[in-house]
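Chemist: Need coordinates for the following:
(2 chains)
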Amino acid sequence: MNFPVLSVITFTPMVAAVLILLLPAQRKNEARAVALAAATFALILSLWTYFNYDQAAAGYQFVEKYNWLPVLGISLHFGVDGISMPLVLLTGVVMFTGVLISWGDDHPHVMAGIQDRPREFFAFLFILASGVLGVFVSLDLFMLFFFYEIAVFPMYLLIVIWGWIETREYAAMKLTLYLFIGSVVSLVGVLVMYWIQYQNTGLLSFDMLQMEQAGFSQTFQNIWFLPVFFGFAVLGGIWPFHNWSPDGHVAAPTAVSMFHAGVLMKLGAFAALRVGIMLLPQGAQTWSWLIMAFAAIAVVYGAYIAFVQMDFKYMVGFSSVSHMGLVMLGFSTLNQQGLLGSGVQMFSHGVMTALFFAVVGMIYDRAHTRQIPELGGINKIMPFATIGFIIGGLVSMGMPGFSGFVAEFPIFMGVWGRQWLVAVIASISIVITAAYIMRNIRQVFFGELPEKFEGHLTDVTVLDKVAIAVLCFFMVVIGLFPRFMVPMVQTGVENILRLLGGQ
Amino acid sequence: MFTSTAFASILPEILILILGILLLIVEPFWKEDQRRNAGWFTAGGLLLAMVISFLFGQPGQPVATLGGMVRFDWLGFFFKLLFMFAGAVTALLLMENEKVGQRGEAYLLMLASLIGMNLMASSADLVMLYLAIETTSIPLYVLSGFMLADEKSTEAGFKYLLFGALTSTIMLYGFSLLFGFTGTTNIYQLADMLQSGDLSLVAAFGVLALILVGIGFKVSIVPFHFWAPDVYEGAPTPVAGFLSTASKAAGFAVLVRLFFVAFPNFAPSWTLALAILSAVTMTVGNLLALPQTNIKRLLAFSSISHAGYVLIGAVALSQLGAASVVFYLAAYILTNLLAFGIVMAFSRITGLEDLKDYAGMSRRSPWLGLMMLAAFLSLAGMPPFGGFVAKVFVFAAGIQAGYVWLVVIGILNSIIGVYYYLNALKYVYLYRMPEQDEESHPVPLTHPYIIALGVLAIGVILIGTVFAPWFSWSDAAALNLF
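Modeler: Below is the predicted model:
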């Protein structure tokens, strides 16, 4: 038996959460140190796994399987493929930078990071992280669900306790209920799939690799694809079930927004792909037009709403809806380019939006306002944050040389191949995105520094700079050297295409 | 006739009886301020009884003993262990209750009702069953009204008595009709008698309805639930916890055995009736829990709704269904005892039981807050706590049996549940005390609480993560029904 690297990655945050909780409450710095150590460890391990993934062999690698409840066919079955490997790395990156951002700074004018009960904060955040990682690596449907729910409930606590005081109670409950409803709707579908598989093959198993061979009938797939796919896609922020997401982003504390937009929404998209499209491929073909329509609306509508937002954080929140729409758009093509683009976009958007929220958080913590017209001249005080935002913005616009281009270009190619009109409509969003990003760069970062901020604002801390640098690094590297990611995602896409019937 | 198997089949009951007698002998010699030691004595004794039963009283192949009165099988045995565990925890929690814990009678009454519950889980004869139910109920009536000086407690005891007496009489009427129709009181012979088709469907349905009244009262399903909120609120909190867990589980043990063994031939009609009852119970319980402001009433309505979820497993009428019922009850007993234990620990210091009084509780005592988090999330059905796995199993059984609509209702209900459980946690974690000086108002825990709550919290997490052994036992128990 090889070193069980995936379960170590998955359970590291959980173990760290328990350790942090065992510390006395007043030991704030020790709690932070344990969190950082665990996050670093998980990041290094996920990097190691990433570079040791054998792209020539493709398929599921680092597979571990332990029987958990053989009577019902539940096993702890872990493995990563070309689609999930980048997402594991993404989680590692966001976790690491999230801890840095939340460190907490005792400067008099700054309420940065987490001052109040960091022990509980990091513990809940890490339980969330374990859930997320568990979903990405699980090959067992029951366990996938198990981790999926673990990833949902800490969000409530994280937002309601440490969130923005104005909307946190409303937003946290709305978010939790949306996600919970989505997940239990899928649960019904999953349980039905489980029993139909039993009828068809006589096999009691939640193993997804076996379920791929279950031979679900066309009618069955047509009916049950909708609840399964859309139940998960709620967490992916698909229009018209996206409403929870901007509210949640805005109410959440910075690190949680990073997690939420950066990783959690990928969780929904990933589960919708893995369970919806890969296990019910014919259902996906039947309904791909519907996903495409919803996704196209999300892309344009999200970008437009982001454009008219005056609140900086809402703007980023709606831009997430728009960019996650692109992921769904790529799914809906069911062809090679589209899926490839979606796979890369999940990583690219995760890093980009984490960076956006990090920068927004840094500005808000110091300026105590997020209203775009009230801000200005931030560049004079926080040049590092400015650079970060500009790089993120370029990624967001899909500029060549950054990871956004590598992701969005194939998506549009794929959509063009399916339905050129949708590609044309969706491409409107690129213009709108460019407009609001550049407007913001001008308004918030350059121009006059308002008088009330004179001598009042401070630069970002060293830890913040490290976080920005790490996030930027990944976006630039993927943009300049797509070969670090594209061939890997490609192997995962080929597996999906095989299930779809070699289209 | 009194063989070693017969002895083994009622070994737990014998041990509890010995424990009770010992307590009766020892207790008068203790001084006034030592009386609460009866809690340690009872809890320790019950644990010992569990160990001894586990070592020497394990059932093999299911057999009828004591002239067919008692069935010696895993179903009964697993439930007996659960009841004794719940009893031990309740004894620990009782100790810290000033008005009740100083009196040896309280522990004795609880032991008496434990004997009744154990017999409920294993009785194979209607006469024995009725005796067992009464043995369980009568001490509980007294315990509910134990605090004579407290009006609410007296009311609770009296209300419980009236409801209990009425419903058990109706059930007895059902039993007697059943005897009249078939000429036997043995549950296992009933099935054969009913198979020969002497009984018309209408008559059978009538009899089942009468019996269901009695059992429905015990497990508090709608419309036999009216007593529950008032009794839970008025009774001493440890007793309320005991009522909502062990007593309810005992009712389900009877329901499962009686309906699965004696009436499988009338299954399509009663499973549908139970399915409707289940849907109504979940919905009413959850909707009424929404506006509650008193935490004990909230838990009372939540425990009603949980009876509805358990019924889904019974409706499925399959081995997985029965196993999921047993598993759900095991997870539920741990979770709900934990919830009531926390309520007790909190109100012992503060004397308050309203939801709003829990503001700032996680700052006053972080560990108590975390345990409340575990208990409430488990009730809401979130992993990694027991409630999640239990719910998935119950739903899986329901879908297997083709009751997709019932599962959908169950799922809608768990969404309502999530809302009010999270709402309660909001008080614990978000809101603060009026002066924001939680540090100066700690909620210290005494040893009995630390032990009881710690064991329960670890149990809730264990049953939700390492669920294989628990499910195997539940499955073994369920196997005895077929």
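Chemist: Where does pLDDT dip in chain B?
Modeler: For chain B, the stretches flagged by pLDDT under 70 are B:1-2, B:196-198.
Chemist: would you list every one of the strands in it?
Modeler: All strands of chain B, identified by DSSP state E, fall at B:63-65, B:70-72.
Chemist: most packed of those?
Modeler: Of the strands of chain B, the one with the most neighbours on average (mean count of other C-beta atoms under 10 Å in any protein chain shown) is strand B:70-72, at a mean of 25. In short, each C-beta sits where N, CA and C put it, glycine included.
Chemist: circling back to that earlier point, could the strands of chain B be laid out in a markdown table, adding distance to chain A?
Modeler: What follows is the strands of chain B, written out as a markdown table (distance: least, C-beta to the nearest C-beta, whole Å):
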| stretch | distance to chain A |
| --- | --- |
| strand B:63-65 | 25 |
| strand B:70-72 | 24 |
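Chemist: nearest to residue A:304, of these?
Modeler: With C-beta to C-beta as the measure, strand B:70-72 is the member of those nearest residue A:304 (69.4 Å).
Chemist: centre of the chain versus that closest one, how much separation?
Modeler: Distance of strand B:70-72 from the chain centroid (C-alpha atoms, centre = their mean, to the nearest Å) equals 21 Å.
Chemist: Check which helices and strands that strand is in contact with.
Modeler: For strand B:70-72, the elements it packs on are helix B:4-9, strand B:63-65, helix B:104-122, judged by 3 or more C-beta pairs under 8 Å, 6 or more residues apart in numbering or on different chains; DSSP states H and E.
Chemist: The residue nearest to residue B:321 when sequence neighbours are not counted: what's it in contact with?
Modeler: Spatially, and ignoring its direct neighbours in sequence, residue B:321 is nearest to residue B:397 (4.1 Å; C-beta to C-beta, 6 or more residues apart in numbering or on different chains). Residue B:397 is in contact with B:312, B:313, B:316, B:318, B:320, B:321, B:323, B:324, counting by C-beta atoms under 8 Å, 6 or more residues apart in numbering or on different chains.
Chemist: quick one: the closest residue to residue A:147 other than its chain neighbours from residue B:395, how far?
Modeler: Counting by C-beta to C-beta, 6+ apart, residue A:147 lies nearest to residue A:134, which is 2.9 Å off, once chain neighbours are set aside. Distance of residue A:134 to residue B:395, computed by C-beta to C-beta, to the nearest Å: 21 Å.
Chemist: Of all the helices and strands in chain A, which has the lowest average confidence?
Modeler: When each helix and strand of chain A is scored by mean pLDDT, DSSP states H and E, helix A:378-381 comes last, with a mean of 82.
Chemist: Same question for the helix or strand following it: list its buried residues.
Modeler: Next helix or strand after helix A:378-381 toward the C-terminus (DSSP states H and E): helix A:383-397. Under the neighbour-count criterion of 16 or more other C-beta atoms under 10 Å in any protein chain shown, helix A:383-397 has A:384-397 buried.
Chemist: buried ones in the longest strand along chain A?
Modeler: The strand that spans the most residues within chain A, counting by DSSP E, is strand A:61-69. For strand A:61-69, a neighbour-count test (16+ other C-beta under 10 Å) marks A:61, A:62, A:63, A:64, A:68, A:69 as buried.
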